[in-house]
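A.B. asks: Give me the fold of what follows.
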Amino acid sequence: SNLCMQELNFPPYPIRLKNSENKPLIWDLIRKKYVVLTPEEWVRQHVLHYLTQALNYPMRHIQVERSFQLFGTSKRFDVAVYGLDGTIKILVECKAPSVPINQDTFDQIARYQLALQSSFLMVTNGLNHYFCVLNQVDGGYQFLPELPVYAL
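C.D. replies: Down below sits the predicted model:
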């Protein structure tokens, strides 16, 4: 029904939607509130369910849309999964399904990674997912078939 809600390359999950002032809202399981449903948010909510259901990451270890400083300017990440030690284990960049994942997307998240020192990166537009580790020596990416499942 909604253009935002196209089928994605993720397992389906029980979605909670509602309308407010003629705007569709979707329940965010991390922020524990309804947020405006956009194509990018549709992807992000699938990512959150993927991380918590398929990979078993605890909700308390996940943050959504937090600001951070990068070379003196304020940036915002989409999703970050933290380890018990407080470091970021997985950094996720979500794009709308209509946005192709290209070198610019990777360059953006690599810059974020420099500031946040994440172990793993995920870039997705909901249809194509890329998982990688950044090689600390030469700054290149090593692509992975999948992200690691949560382990203590």
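A.B. asks: Could you use CA atoms for every contact and neighbour count after this?
C.D. replies: Fine.
A.B. asks: Just want the most central residue of this protein.
C.D. replies: The residue lying closest to the centre of the chain (Cα atoms, centre = their mean) is V92, at 3.4 Å.
A.B. asks: Identify the bridge partners of it.
C.D. replies: V92 has these beta-bridge partners by DSSP bridges: V79, M122.
A.B. asks: Just give the number of residues close to the residue nearest to P97 when sequence neighbours are not counted.
C.D. replies: What sits nearest to P97 in space, not counting adjacent residues and going by Cα to Cα, 6 or more residues apart in numbering, is N125, at 4.7 Å. Around N125 there are 24 other residues, counting by other Cα atoms under 10 Å.
A.B. asks: Repeat that for G86.
C.D. replies: Using other Cα under 10 Å, G86 has 9 other residues around it.
A.B. asks: next SSE after the helix or strand hosting V43?
C.D. replies: Assigned by DSSP states H and E, V43 falls within helix 39-49. Sequence-wise, the next helix or strand downstream of helix 39-49 (DSSP H and E) is strand 62-70.
A.B. asks: Which positions in that following strand come out as buried?
C.D. replies: Neighbour-count burial for strand 62-70 flags I62, Q63, V64 (criterion: 16 or more other Cα atoms under 10 Å).
A.B. asks: my read: the second one touches V79, true?
C.D. replies: Yes - at 5.8 Å, Q63 counts as touching V79 under the criterion of Cα atoms under 8 Å.
A.B. asks: where along the chain do the helices fall?
C.D. replies: 39-49, 103-116 (DSSP state H).
A.B. asks: For the longest one, name the packing helices and strands.
C.D. replies: Okay, so that is helix 103-116. strand 62-70, strand 88-94, strand 120-124 (3 or more Cα pairs under 8 Å, 6 or more residues apart in numbering; DSSP states H and E).
A.B. asks: of all these, which lies closest to L114?
C.D. replies: Closest of the helices and strands packed on helix 103-116 to L114 is strand 62-70, at 8.7 Å (criterion: Cα to Cα).
A.B. asks: which one of the buried residues of strand 62-70 sits closest to T52?
C.D. replies: Nearest to T52 among those, with distances taken as Cα to Cα, is I62, at 9.0 Å.
A.B. asks: In space, what's closest to N128 - neighbours in sequence excluded?
C.D. replies: With Cα to Cα, 6+ apart, the residue lying closest to N128 is N9, at 7.2 Å.
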